[in-house]
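K.L.:
Structure for this input, please:
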Amino acid sequence: MVKTNLFTGTLNLLILQSLRAGPLHGYGIGLWIRETSDGVLGVEEGQLYPALHRLEKKGWIRPRKGKTQTGRSANFYRLTPAGLRHLEAEEAKWIKYSDAMRTVLDKAGS
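P.N.:
Okay, here's the model as predicted:
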């Protein structure tokens, strides 16, 4: 795993995307990000849990107590309708941004 410093907006987007398919607990969110990015992106606990609390305050996610597969008590976060709207808007911005960056990088190498 490559150590990365994720910008707050980027981390928010990754967390919201991880919850699109359904509720996950904090460890599961971090694991999803690492596995989905083929180990390139990793989130430290010191980044993840403050981000989860920020997203909860914004009303984009909601926690619910539950049990993990190992029987431990944990908060399972789910995406709210407002969170889904925000995710879709940010996703569109990122696609536009990444397309522009790809164009710039392709032309720079010409």
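K.L.:
in what helix or strand does residue 77 lie?
P.N.:
strand 73-79 (DSSP states H and E).
K.L.:
pLDDT score for residue 44?
P.N.:
Looking at residue 44, its pLDDT is 89.
K.L.:
what are the phi and psi values for it?
P.N.:
Reported as degrees, to the nearest 10, the phi and psi values for residue 44 are phi -80, psi 150.
K.L.:
Kindly report the same for residue 40.
P.N.:
phi -80, psi -40.
K.L.:
Surely residue 79 touches residue 16?
P.N.:
Yes. Residue 79 is in contact with residue 16 according to CB atoms under 8 Å; the separation is 6.3 Å. Backbone N, C-alpha and C define where each C-beta goes, glycine included.
K.L.:
Quickly list what's touching both of these two.
P.N.:
60, 61, 87 (CB atoms under 8 Å, 6 or more residues apart in numbering).
K.L.:
Which of those residues sits closest to residue 49?
P.N.:
residue 61 (12.3 Å; CB to CB).
K.L.:
bridging residues for that closest one?
P.N.:
With DSSP bridges applied, residue 61 shows beta-bridge pairing to residue 79.
K.L.:
pLDDT weak spots in the chain?
P.N.:
Under the criterion pLDDT under 70, the flagged ranges of the chain are 1-8, 108-110.
K.L.:
Give me the longest helix you can find in it.
P.N.:
Counting residues, the longest helix found in the chain (DSSP state H) is helix 81-108.
K.L.:
can you pull the buried residues of it?
P.N.:
For helix 81-108, the neighbour count (16 or more other CB atoms under 10 Å) marks 83, 86, 87, 90 as buried.
K.L.:
With distance to residue 39 added, can I get these in JSON lines?
P.N.:
Formatted as JSON lines, the buried residues of helix 81-108 follow (distance: CB to CB, whole Å):
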{"residue": "83", "distance to residue 39": "26"}
{"residue": "86", "distance to residue 39": "27"}
{"residue": "87", "distance to residue 39": "23"}
{"residue": "90", "distance to residue 39": "23"}
